[in-house]
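# Using only what follows, build the 3D model:
(chains A and B)
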There are 2 protein chains.
Amino acid sequence: MKALERKIIEEGKIFPGNIVKVSGFLNHRIDVKFMMEMGKEIARLYPTGVNKILTIEASGIAIAVCAAYFMDVPVVYAKKGKTKNLQSDVYSAEVESFTHGTTYNVVVSKEFLSAEDKVLVVDDFLANGNALKGLISIIGQAGAEVAGCAVAIEKGFQHGGDNLRKEGVRVESLAIIDEMTDDSVKFREQ
Amino acid sequence: MKALERKIIEEGKIFPGNIVKVSGFLNHRIDVKFMMEMGKEIARLYPTGVNKILTIEASGIAIAVCAAYFMDVPVVYAKKGKTKNLQSDVYSAEVESFTHGTTYNVVVSKEFLSAEDKVLVVDDFLANGNALKGLISIIGQAGAEVAGCAVAIEKGFQHGGDNLRKEGVRVESLAIIDEMTDDSVKFREQ
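Got it, this is the predicted structure:
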């Protein structure tokens, strides 16, 4: 998605440790009009065969909602840890966070995923792929089908996306960063 | 919003401790089509005088995005705790969570709120009002103006909304629960 690549170049900031900060439009501050364009693009990539979107709190929620709007499906978001509003009856997976350098547990209530579901996994970022793998594990636990994954920005040089593709998972990224230096970003041709 | 009251009665579940669980459409699973209707209603209540929506991760993000879509404004969401992607240059406030029985810190990067902003505070739930008070404090730290608050469900019997109204803050709730028993919910006439 060329408009996203342009936005990353114009508004993104690169920090040491291969961190690209796009908190001005993707997370923290959300450019809702642009997020809707990204949601429309995800809907174009997955025109059929999806009846539910699964994402993970917090930064996946906005783009998932925008995609779901155009696909006319509900969103389920995995929660980090348990809250007392959640039943003990959950699917769960462990996820290691690249950004935070921590491991956390994600849970989805069993009532919101079932064997009949064809699930699109949506997230804002794909780096080493651990969050997507956790969500795919949860979909497997439910006996549901993974229709594919859709993320806004993939860090291609961390290979999480390509590893999933090698395993046969369809992974669509609206922009793939293959190289990053302190003052430049190189995108993969798609 | 009568449609929300009906949905709470039809799909909500009441648990001991005055907890109303609406995770089937408002948080955890999001009925995006219905969430958009709620966003449209918030936009109807605040037709002018707002240039930014402020909410709090994670459950406020979806309804904030839906309202922002109809109001054509960006969303900023306060983060719970700090991540290494965030600058030290933040506004912050302490919030006591009714649901979780804990206290946490919320932060907003200073670059995303300024004295020129007229901010609508949006959240999914309003109970004792601590989350809204934290967000209002952050808006004050930025020297910005609080245009008002809009929430999906207010627990009227916990008085957080009425306390804010007494302080002169405009608070609009799409549904206000004034009484809850194990098998019934009584809404405030609006």
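
# drop to CA atoms for contacts and neighbour counts, all remaining ones
Fine.

# Okay, and the beta partners of A:Ala78?
A:Ile56 (DSSP bridges).

# ok, the closest residue to A:Lys21 other than its chain neighbours - contacts?
Distances taken as CA to CA, 6 or more residues apart in numbering or on different chains put A:Lys13 closest to A:Lys21, at 5.0 Å, once the chain neighbours are dropped. Shown in contact with A:Lys13 (CA atoms under 8 Å, 6 or more residues apart in numbering or on different chains): A:20-22.

# Which one of those is nearest to chain B?
A:Lys21 (6.8 Å; CA to the nearest CA).

# Does the spatially most central residue of chain A lie in a helix or a strand, and which?
Nearest to the mean C-alpha position of chain A, by CA atoms, centre = their mean, lies A:Asp123 at 1.4 Å. Using DSSP states H and E, A:Asp123 maps to strand A:118-126.

# The contacts of A:Lys13 in strands, which ones?
Among the contacts of A:Lys13, the members falling in strands (DSSP state E) are A:20-21.

# Could you dump the contacts of A:Lys13 into TSV and include pLDDT and neighbour count?
Below are the contacts of A:Lys13 laid out as TSV (pLDDT from 0 to 100; neighbours: other CA atoms under 10 Å in any protein chain shown):
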residue	pLDDT	neighbour count
A:Val20	87	19
A:Lys21	91	17
A:Val22	95	20
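
# Hmm, the residue nearest to the centre of chain A is touching A:Glu57, no?
No: shown here, A:Asp123 and A:Glu57 do not form a contact pair, counting by CA atoms under 8 Å, at 9.2 Å.

# wait, does the biggest helix by length in chain A make contact with chain B?
Counting by DSSP state H, the longest helix found in chain A is helix A:32-45. Yes: shown here: helix A:32-45 in contact with chain B (CA under 8 Å from any CA of the partner chain) through A:32-33.

# relative orientation of that helix and strand A:118-126 in degrees?
130 degrees (axes from the mean of the first three to the mean of the last three CA atoms, to 10 degrees).

# so how far is helix A:32-45 from its chain's centroid?
In terms of CA atoms, centre = their mean, to the nearest Å, the centre of helix A:32-45 is found 13 Å from the chain centre.

# by contact count, what packs against that helix?
helix A:61-71, strand A:171-181, helix B:61-71 (3 or more CA pairs under 8 Å, 6 or more residues apart in numbering or on different chains; DSSP states H and E).

# mean confidence score for it?
Average pLDDT, helix A:32-45: 98.

# Any buried residues in it, and which?
Neighbour counts over helix A:32-45 (16 or more other CA atoms under 10 Å in any protein chain shown) mark A:32-43 as buried.

# quick one: which of those residues is nearest to chain B?
For these, the nearest to chain B is A:Val32 (5.6 Å; CA to the nearest CA).

# ok, for A:Gly143, nearest residue in space, not its chain neighbours?
A:Ala115 (4.4 Å).

# Can you tell me the element the closest residue to A:Thr102 other than its chain neighbours falls in?
The spatial neighbour of A:Thr102 that comes closest, neighbours along the chain excluded (CA to CA, 6+ apart), is A:Glu96 at 5.8 Å. Counting by DSSP H and E, the element that carries A:Glu96 is strand A:90-97.

# Can you give the contact residues for that strand?
A:102-110, A:130-131, A:133-135, A:137-138, A:141-142.
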